[in-house]
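In: structure for the following, please:
(2 chains)
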Protein chains: 2
Amino acid sequence: VPLIDSPAPGLPGAWRAMGTRWPFVLVSLSVCACVCRAASPQEEEDSAMENIVTEKKAEESHRQDSADLLIFILLLTLTILTIWLFKHRRFRFLHETGLAMIYGLLVGVVLRYGIHMPRDGTSVMLNCHVNASPATVLVNVSGKFYEYTLKRVLSSSGNKVDDVSDNENEMLRKVTFDPEVFFNILLPPIIFHAGYSLKRRHFFRNMGSILAYAFLGTVVSCFIIGLLMYGTVTLMKHVGQLHGEFFFTDCLFFGAIVSATDPVTVLAIFHELQVEPDLYALLFGESVLNDAVAVVLSSSIVAYQPTGDNSHTFEGMALLKSFGMFLGIFSGSFALGVATGIVTFTKLRDFQLLETALFFLMSWSTFLLAEACGFTGVVAVLFCGITQAHYTYNNLSRESQDRTKQLFELLNFLAENFIFSYMGLTLFTFRNHVFNPMFIVGAFLAVFIGRAANIYPLSFLLNLGRRHKIRSNFQHMMMFAGLRGAMTFALAIRDTATYARQMMFSTTLLIVFFTVWICGGGTTQMLSCQRIRVGVDSDQDNSVSVIASVKCNSTKHESAWLFRIWYNFDHNYLKPILTHSGPPLTATLPPCCGPLARILTSPQAFENEGQLKDDDSDLILTDDINLAYGDITVNTDGSGVHTSSGAGFASGMSSEDLDRELTCGDNEVVMRGTLPFPFCNFWSKLSNLNAD
Amino acid sequence: VPLIDSPAPGLPGAWRAMGTRWPFVLVSLSVCACVCRAASPQEEEDSAMENIVTEKKAEESHRQDSADLLIFILLLTLTILTIWLFKHRRFRFLHETGLAMIYGLLVGVVLRYGIHMPRDGTSVMLNCHVNASPATVLVNVSGKFYEYTLKRVLSSSGNKVDDVSDNENEMLRKVTFDPEVFFNILLPPIIFHAGYSLKRRHFFRNMGSILAYAFLGTVVSCFIIGLLMYGTVTLMKHVGQLHGEFFFTDCLFFGAIVSATDPVTVLAIFHELQVEPDLYALLFGESVLNDAVAVVLSSSIVAYQPTGDNSHTFEGMALLKSFGMFLGIFSGSFALGVATGIVTFTKLRDFQLLETALFFLMSWSTFLLAEACGFTGVVAVLFCGITQAHYTYNNLSRESQDRTKQLFELLNFLAENFIFSYMGLTLFTFRNHVFNPMFIVGAFLAVFIGRAANIYPLSFLLNLGRRHKIRSNFQHMMMFAGLRGAMTFALAIRDTATYARQMMFSTTLLIVFFTVWICGGGTTQMLSCQRIRVGVDSDQDNSVSVIASVKCNSTKHESAWLFRIWYNFDHNYLKPILTHSGPPLTATLPPCCGPLARILTSPQAFENEGQLKDDDSDLILTDDINLAYGDITVNTDGSGVHTSSGAGFASGMSSEDLDRELTCGDNEVVMRGTLPFPFCNFWSKLSNLNAD
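Out: Predicted structure coming up:
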């Protein structure tokens, strides 16, 4: 068995320079190994001493791990303290994520250039000609057995071996996390929180546009960026700037990962400044769904493997398979998320701790279940969050509603800041960066053009169908707010084995930095430049002064037929079955289904029927119930059986009625509740008057 | 390089029987390796195909991991649902932890006997004669490089290799967690929660007794159990039942780990039934500090390594070193915990999310800092929790107080139930159990006697000094409530490399099961049998009817001089400096220190001075402030400078005054606040009258 491996013949030029060091390392190690082999018989007697040494070493390593993790914790602590200072002083030019990146960068610089730890030869090259890659390897080191577990597969040509052998700075290796950590631990709470905190009222109102931006827009953006990058890459090849393989699928993959927008910075500022809720809903909804689309898109592109030879040529079947996979994975994850979201139909109201724990566990198990089934956990978690917010939330006790919201808010905050500070750190600590100026310039241009090709044409098409147009200043703002963040980073770092992926990763980092700092920092300026109104607080506040600023007419858009059907179905059947709120089924089902309706309706629904629901102010549906109730009477007899004198009222409603209902729903929230129909009309007139 | 290793010559008899299989496995693997080596040149061309296979395999493994984790999540979910049913029906014979263990057991049985997965030869034996154990190993598998990381060191004699090679059931290996997970991830939130939710008023009142039980008692129990076990082991050796080495240090180690009591079950029932608060405080305080003492004790025993030969004989120096280590680690961890607890002097009241996040991170960094310094993180976290509850809690905004409490409550709940269900699981899935009937009987007896030797003599001694004696029924109850739980398990599973440790682990599991099910389940019966009063709700409720049931005299105990000095110092100086509550320093410091006092006192302290503090009902100190204020007047002039007309009142107070103060403090809480001294006397008289 030869202990020294010569570099693989296919080593690309760019790597040859960096790869010259590792054969020496291996030589020295093998020499060392030979020496040890010779010395080992003598050493066997004092195994007890060796035991102590090993224990000491393990303890030392544990201490080191704790210290490394401590660096991150202190980084986060520092970020929090600085954010507090910023918030206290009302600085808005730098968001917490931007700040976390800066601190991460600083620590990265210190780790890279400041600390020079002596290398301790912890990496050993073994040659073992087994064809299967075993999950566990037992190594017999002079009579002692060590168990090793498979961490990762390095690239087959061996050009990444120096990544491990070349550890002059042990510290750098220590602060490098397994990329899967981002996907399996840090992203799920962020995505779930996004789904759970979605402002459903405005989201459902703009659902058509949001879906268009998220699905069509992301696919368009992905392909445009992919094509542009392919052009760039071809140009680079001609100029001789490309030092490795870069296929069209790689370009498309790059397009997919940088199409995931994450305007967390912008939305935080929007929230603080109370920007118009429709713009907020469009941006937030787009960016949330965007992530899901981008994840599935990227995995479909990776799965695009033409059969036969490995020639990366176009093939219809493989494309179709990828497309089928996209649909399959997406709908599977969607169904799974919605299903578990609905299943969590808690009746544990009296025990808040159990309730919260169950909620948390169900959300997590959605992720795991999706992953175990081969779907995308992140997508499942997103839709689970949306469903749980829509149905389960109403079943929770008041305390659990607060608890779950606060819990996921905290998890989201910590995970997000961690990812962003890690991003800063990794710019200096990642050892295989490939910064290619031409590729970077091309990527920035492509990202800009891709975003424009997403927003402007789609907005034009959508405006044809929308009653309430997406104004041009909204479009500019959406164009500007296309920041790239956690999802883009997580997708990029997941696989950095090949030259193409490394170049993508480095470029992606720069794109994230640029958009978060420049676009994120300039949001306030952009808002005032585009003359977008701020201080519009239509959801949460119930002061009367606000009513005046919201035009009742401004919400008269997108009550498309599909939406109406779903809305009626959800309101009249799903809500009563799945939650304790909503009208009792006895009122919405035809009288013939009476007994069934009585079984399916929860007792609380009967109790809750008449009373005000203060805590559902951001739910479109609960708000609108009261409006719909304007023209039916519900009789309750002693036994709790309800009969509706206006059976099937929802299906019998005219389109105009629904329109009016949707129109007034916006003010309805502010008035908290149970005003009858004529009263609502009065309010809408009043606010129209005030607005004029 | 010989690829096949013969079993080590020193293999103990008991293992030889089980160890016969692994050489065959190694033979077959090496044959496989040879075949592969021959075949590898031909296989190189279709590396692309192999790539896909590897990717598929990685994906498959990821799916499997998700499914495994899902098992645990579903187990927890099931536990929660059953607990809810039990709580709903008011069953008290089985606590949630007992239930979690039962479900764990069931799943363990299914995994062990139900599922027979085909073994897939994932373990390969490599021989590599390097003397250092490398942290990373690169394996060249037919041209591809795989990175392996060191997972653990198997025992040097090779008798645990079959643990890995013998994987007929891959599933069993998958559901086995790294033991350090318990110590570094699951225990800290449990311990922190214990410290944070300590009922400080009763804790501080019984501090002397609690410290005696926790320190003296645990050490006594550890040594008694150790001695008894040494007797048992010696007997076993004579009878021929012992099949491996078992030193006196092993016996002492066993004594230390089973001395950590964890009456979570009992306390939950106590809380529900509202048992007398003094008994609650004694048990809770003892068990919390107990854990800390046991951890440090066990690590000191492990560190007891006589120099020179490895003969496990008694040696004065090593003992002294261990004792020094105990004191050093304990005081170091204590100081660190207290220090970071104090440092978290948050002023972020306006941003609850930041505040909560900071609180969480500081608590976590205490753990990491202690581990990085070589102290015991668990101990540091405990004292950090106590300190944060005592000082930091007062500085938090109301929302953050709720949030942090709820957060740690949830984490504690999840971690605890996870550990207990894992305990059930591991009874069947752990593959190196050594059940020795003689050892088990001896251990049960020793644990019983050790507990008795802790409680009864100490109570007798304490009663000599206590005004309010610990009654015999309290003593019996404390004896009965010595359950073993999470800490014992975590300490036992941490190292199961040797025969002695494996026997200890198996026996420990049985002790935990027995105590949690039998003692935990019999708590209600024991309470009524011992005629201990229930329904005494003196802390949280402020209904007047309760006052009558609490005798004012019953709290007249343990106002020892040490406690008084600390109390005065804390109340007059530490509280005002470290929190926003407490009397302003200008009132407690001598007038000459006026300017300094004004700087150190926070503005809120001046504002809060006169007002009621509803949320501090379980703090002895804030409650008593108002009593002490009865006979001094505080003048506030316009500039916010406070001058006390009765300067140095605390130091001038007579011992009897303090006694009276402590006596009445108990009722004080119920009355929420600011009654002057004479009024308190009236109340105490009234309650005396009612009690007679």
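
In: nearest residue to residue A:478 other than its sequence neighbours?
Out: Excluding the flanking residues, the one nearest residue A:478 by CB to CB, 6 or more residues apart in numbering or on different chains is residue A:455, at 5.2 Å. C-beta here means a position set from N, CA and C on the backbone, and glycine is covered the same way.

In: residues of the helix or strand hosting the one you found that come out buried?
Out: Per DSSP states H and E: residue A:455 is located in helix A:437-465. Using 16 or more other CB atoms under 10 Å in any protein chain shown as the test for burial, helix A:437-465 gives A:439-440, A:442-443, A:446-447, A:450-451, A:453-455, A:458-459, A:462-463.

In: could you give the mean pLDDT of it?
Out: Helix A:437-465 shows a mean pLDDT of 91.

In: report all helices and strands that that helix contacts.
Out: helix A:207-211, helix A:218-239, helix A:248-257, helix A:472-480, helix A:499-514 (3 or more CB pairs under 8 Å, 6 or more residues apart in numbering or on different chains; DSSP states H and E).

In: redo those as a markdown table? Include mean neighbour count, mean pLDDT and distance to residue A:409.
Out: Below are the helices and strands packed on helix A:437-465 laid out as a markdown table (neighbours: other CB atoms under 10 Å in any protein chain shown; pLDDT from 0 to 100; distance: least, CB to CB, whole Å):
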| stretch | mean neighbour count | mean pLDDT | distance to residue A:409 |
| --- | --- | --- | --- |
| helix A:207-211 | 20 | 85 | 23 |
| helix A:218-239 | 20 | 92 | 27 |
| helix A:248-257 | 26 | 90 | 27 |
| helix A:472-480 | 19 | 88 | 25 |
| helix A:499-514 | 22 | 91 | 23 |
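
In: need the ones you listed in JSON lines (columns: distance to residue A:189).
Out: What follows is those, written out as JSON lines (distance: least, CB to CB, whole Å):
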{"stretch": "helix A:207-211", "distance to residue A:189": "22"}
{"stretch": "helix A:218-239", "distance to residue A:189": "23"}
{"stretch": "helix A:248-257", "distance to residue A:189": "21"}
{"stretch": "helix A:472-480", "distance to residue A:189": "26"}
{"stretch": "helix A:499-514", "distance to residue A:189": "20"}
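
In: for those helices, which one sits closest to residue A:408?
Out: helix A:207-211 (21.4 Å; CB to CB).

In: just checking, what packs against the helix ranked longest in chain A?
Out: Longest helix in chain A by number of residues (criterion: DSSP state H): helix A:47-89. In terms of contacts (3+ CB pairs under 8 Å, 6+ apart), helix A:47-89 is packed against helix A:96-109, strand A:144-153, helix A:170-174, helix A:398-429, helix B:352-372.

In: pick the most buried one from the ones you listed.
Out: helix B:352-372 (a mean of 24; mean count of other CB atoms under 10 Å in any protein chain shown).

In: anything in that one near chain A?
Out: Yes: contact between helix B:352-372 and chain A, assessed by CB under 8 Å from any CB of the partner chain, occurs at B:353-354, B:356-358, B:360-362, B:364-365, B:368-369, B:371-372.

In: now the longest helix of chain A: mean pLDDT?
Out: 76.

In: what's the angle between that helix and helix A:398-429?
Out: 110 degrees (axes from the mean of the first three to the mean of the last three CA atoms, to 10 degrees).

In: how far off helix A:96-109 does helix A:47-89 point, in degrees?
Out: Using the same axes, to 10 degrees, helix A:47-89 lies at 140 degrees relative to helix A:96-109.

In: before we move on, the earlier item: out of the buried residues of helix A:437-465, who's nearest chain B?
Out: residue A:439 (24.6 Å; CB to the nearest CB).
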